[in-house]
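Undergrad: Just to be clear, the model below is a prediction. Sequence and coordinates:
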Amino acid sequence: MHSRLLARYIFVVLIILTIWISFSISQAAKPTREKQAGGLAAWEKVYSVLISPRCLNCHTATNYPQQGDDRHHHFANVVRGPGDAGVPGLHCQSCHQERNADSTGVPGGPSWHLAPLSMQWQDTNDRPLSSAAVCSSVTDRSKNENMSGPELLKHHERADLVLWAWNPGRRPDGSLRSLPPISHQEFVTATRTWVEAGTPCPKGR
Amino acid sequence: MATFHLNINGSEKTVDVDPSTPLLWVLREELKLTGTKYGCGISACGACTVHVAGIATRSCVVPVELIGDRPIVTIEAIGKDPVGRAVQNAWIEKDVVQCGYCQSGQIMSAVALLKDTKKPTDKNIEESMGGNLCRCATYVRIREAIKRASQQLG
Amino acid sequence: MQPALKRENDLTLNRRSFLQVTTAAAGGLLVSLYLPRITSAQQPPAPKVYPPDAFIHIATDGKINITVNRLEFGQGVQTSLPMVLADELDADWSQVTAELAPAADVYKDPLFGMQMVGGSGSIAHSFQQYRELGAKTRAMLVAAAADRWQVAAKECRTENSVVYGPNNRSARYAELANDAARKSVPDKVALKSASEFRLIGKPVKRLDSPAKCDGSQKFGLDLDLPGMKIAVVAHPPVFGAKVKTVDDRDARALAGVRDVFEIPLEKGTGVAVVADRFWTAKRARDLLKIDWDLTGVERPDTAELRAKYKQLATTTGNVAATRGDEKALDSIPQTNRIVAEYEFPYLAHAPMEPLNATVNFQGDKAEAWVPSQFQTMDQMIIAQALGLKPDQVTFHTEFAGGGFGRRATTDSHVPKEAALIAKRFRDTPIKLIWTREDDVRGGYYRPMHAHRIEIGIGPDGLPSAWRHVIVGQSLLAGTPFAMMIKNGVDETAVEGTADTSYNIPNFHVSVHHPTVNVPVLWWRSVGHTHNAFVMETLIDELATRARIDPIAYRRKLLKTDAKKLHSVLDLLDQKSAWRKNLAAGRAVGISCHESFETAVACAVEVSIENKRPKIHRATVALNCGLAVNPLSVESQFQGGLGFGVLQLMAQGAITLKDGRVEQRNFDGYTPAYIIDAPMMVDVHIVPSTEPPTGCGEPPVPVISPAVVNALSMLTGKRYRTLPLVNV
């Protein structure tokens, strides 16, 4: 009599175990809709930084950088040049040094230069590209210096010119340049969430 | 105030200035090298151009504390360089200058261009000289002189 | 720039004007300008005697130093006047050096009667003077040699700084100089004929070129004197405001700051900072916390002024020129009329060398170093500020990094600031520096203008009636030159229109001079800057409408006796055959204009690149009488065109909002860079032996209308508002 009850009990436990195991496996194996949604939401935070002036001013689609919060055409006719760092008589580093020069109002960072055209985040009319377009660009390894998700995260965490955006120095009139819309820490956290979600990109163009 | 050891035109010079002082004013007032000019103070005109570690640099916006040990060359010494000498000679041959105030900067930018690009095209000239302002507008002869210097340098 | 001289058809070329400077009893300054009209019936007044030894020094080593009675600020006078003298002197040009004269009576402009540079008059007014100086000195050297050799002067000849006598005798000028100096200066002397010129009329390279290429040329800003201090002034943000309170504790705390104090300005007050170094002074000034008192101070606003000027232009002003029938326009049908409204902004001169002046007050005398276009005035006003007489102020003329009129102000406000600061110290040279921001915001601009023109077109396509109203501040009002305003008309606002050489039968020009709280000043070519733009774009529009070639149209419309203008149109036609064969996307614009007695015609080849005009080529034909130094003339014209392009730059405007100038530096007020200026400029000079006329200003008025006329061909639009923001 007892052996029949035991067998049934073991059977139920085995079923539950199987269901639990397969559930766990499927959880680990691919993101759920929620994780996807979380990743996309995180991306929008990342995007808001990438198209803020401190970043966008050097991620142009043209042969010139921009400057200022109004993102006007950089003065003195500076141009991109063949190596994205200006031209021999007018190099980016003709003015921009390794650190901010607050006494004269010129921002600086290690190896100041324009982002290559493959990393343009605006169109040739100086308008920011859509979230989908920027995401597509940023995750395209043929355009982003072959960075994987984790490498993108490290880039956002540590790269000098990225960090500069949160320490952009003073303008010639002494006022502090405006910062991106979220803190660097939030930016990194958002990037991590997005990367862990598999760097999803919004649909559309 | 702080002490800085600068490598200027091949010699070491020691100055005691506020670290935020732009290199331009260190050159002009501490070292009495007034060939490098103040035109705007915001790097928009190029009158203050010197070479720092070989790069044409707008000294009005670079605080002396960011120079370090990078060698500096000013207009007073550029004539010792064959490209510098060729540019100055071409400038004289073509009678480029009018008031002359911007010309130290023009010459330093032109030298930087010619050291990199032996046979600059019109586009190269416009790009490299594009940020040097001349209110007398001697631009036509500046173009001619750069081409002449390029020719002379072979 | 020049105080306006009435142009009467019966005036000979040798007009004389006398500036009598008198000091009123109260220690003030009264300057009166007397302009006699010389008709053929009157005798020209006796020329002043200029002692050669004030102008020429022949050293024992053979070097000949010539003193130039002008500021050298790019126009090349430090080479061309010495050239003139050296030619008549038969000097060895390779031994000639030249320096700029300090302020002294003997160096006054022979026409204006004051020591100054302006009105494109350096060569025009001193050509004869320097020729005579050279010829007289030569005569004295010959006399000395003749004495020595006991021969007649006419048996001697001169060449390359040597006197040659009969029997193979020769003596160098250097050897003869002392004896020559003891000779009396001849009253009259024979001058060379044109065929004898060795330098005049030839392309001669500039004397100051090498120093300007190796950093050794010193400008006013480069001055370094023992014990010198640097001063900067905090000027009010609105013209005429006063300092209410100033907290200077942080400023004074900086090491190297010597003093901080309030000073009176022409209008209002400011705060001076004196320090050991410029950067210290500037930082200290930035640390000042100043509360400004703006009560009762008018706050000019560009938007308001534009509306006001536009309105004013619809009403008749003070009549500047009138001929024919005022009502002629009424009888012309609307279909044959053009109504055009033009607008021009304030313009800053922005010479490359920021404004500066150095003054050392020594109690019973003073010394000043100023890159000055107005030495007589500056010296007088420095003296007045220091409680001295002008001859107690030793005034040195420094080389200037450009000027364009900015370094000649009737109130000498920059040297005056320096003097007032120097007064607080003793035996301490004070170098006052205006930063670029001070300059861009400091006023003394080419005024804003509005024009409204109604033209009635005759059956032949030429204008038969022309009613023109101009609105703009008077440059002369409120200055010692105010008495030159006649019948409410300041000629400097209407020149180029009121005195047009176009033969328009029924012609009426009037002007309104509003009073605005913005100091204004002559800007290279003055009234011609806007008047030529209006005239030459309207003429072009008329020519297009009439389907007549723009050069042919102008030929038809010009008065037949406008000889210089006709000559340049002819030469331009000849030399710009290229304009008939253009690449796609390119168009040619034509303009012609006479100013300061020099006529200029211009053809430009333009395309549109990146929404801006790209000037590929400019061809210029000019008539300046005898071209004393054609190399210099060419550079003035190449440069003048590029200078004038500022009027077309998108950021070529000074604007005010609620009393404050909106621009601060070249990032907001942007002149032409190399990409904006013409890539090529070919200059052609009409051969002439007439007396030389000016070249500094005449190129400026022609470039903007020519470019815009080309743009109109490309876009079909007419451009009547400057700056050119949208092409």
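TA: All right, it came through fine.
Undergrad: now the most centrally placed residue in chain A, what's its secondary structure?
TA: The centroid of chain A falls nearest to A:Val46 when counting by C-alpha atoms, centre = their mean (5.1 Å). What DSSP: H, G, I helix; E, B strand; the rest coil gives for A:Val46 is helix.
Undergrad: give me the residue from chain B nearest chain C.
TA: When distances are taken as C-beta to the nearest C-beta, chain B reaches nearest to chain C at B:Gly35, 2.0 Å away. C-beta coordinates here come from the backbone N, C-alpha and C atoms, glycine included.
Undergrad: For residue 82, report the pLDDT, please.
TA: Since you didn't name a chain, this refers to chain A. We have a pLDDT of 97 for A:Pro82.
Undergrad: actually chain C
TA: Confidence score, pLDDT, at C:Pro82: 98.
Undergrad: measure it to chain A for me?
TA: Distance of C:Pro82 to chain A, given as C-beta to the nearest C-beta, to the nearest Å: 35 Å.
Undergrad: Whichever strand or helix holds that residue close to chain B?
TA: Using DSSP states H and E, C:Pro82 maps to helix C:77-89. No: remark: helix C:77-89 sits outside contact range of chain B, by C-beta under 8 Å from any C-beta of the partner chain, the gap being at least 9.5 Å.
Undergrad: which secondary structure elements does the following helix or strand past that helix contact?
TA: Moving toward the C-terminus from helix C:77-89, the next helix or strand (DSSP H and E) is strand C:96-100. Applying 3 or more C-beta pairs under 8 Å, 6 or more residues apart in numbering or on different chains; DSSP states H and E, we find strand C:96-100 packed against strand C:64-68, helix C:77-89.
Undergrad: looking at these, which is buried most?
TA: Among these, ranked by average contacts under mean count of other C-beta atoms under 10 Å in any protein chain shown, first place goes to helix C:77-89 (a mean of 27).
Undergrad: okay, the angle between that one and strand C:64-68?
TA: In terms of direction (axes from the mean of the first three to the mean of the last three C-alpha atoms, to 10 degrees), helix C:77-89 departs from strand C:64-68 by 120 degrees.
Undergrad: Give the other helices and strands that helix C:77-89 contacts.
TA: strand C:64-68, strand C:96-100, helix C:122-149.
Undergrad: Spell out which parts of chain A neighbour chain B.
TA: Residues of chain A found near chain B (C-beta under 8 Å from any C-beta) are A:75-79, A:81, A:87-91, A:93-95, A:97-99, A:101-106, A:108, A:172.
Undergrad: among those, which are in strands?
TA: Among the residues of chain A next to chain B, DSSP state E puts A:Val87, A:Leu90, A:His91 in strands.
Undergrad: what number of residues lie near the closest residue to B:Asn124 other than its chain neighbours?
TA: Closest residue in space to B:Asn124, ignoring its immediate chain neighbours: B:Thr117 at 5.3 Å, by C-beta to C-beta, 6 or more residues apart in numbering or on different chains. Residues near B:Thr117, counting by other C-beta atoms under 10 Å in any protein chain shown, number 18.
Undergrad: Check C:Arg554 too.
TA: So C:Arg554, with other C-beta under 10 Å, has 26 neighbours.
Undergrad: Just to check, it is in contact with C:Glu594?
TA: No: contact criterion C-beta atoms under 8 Å: C:Arg554 and C:Glu594 do not qualify, at 11.7 Å.
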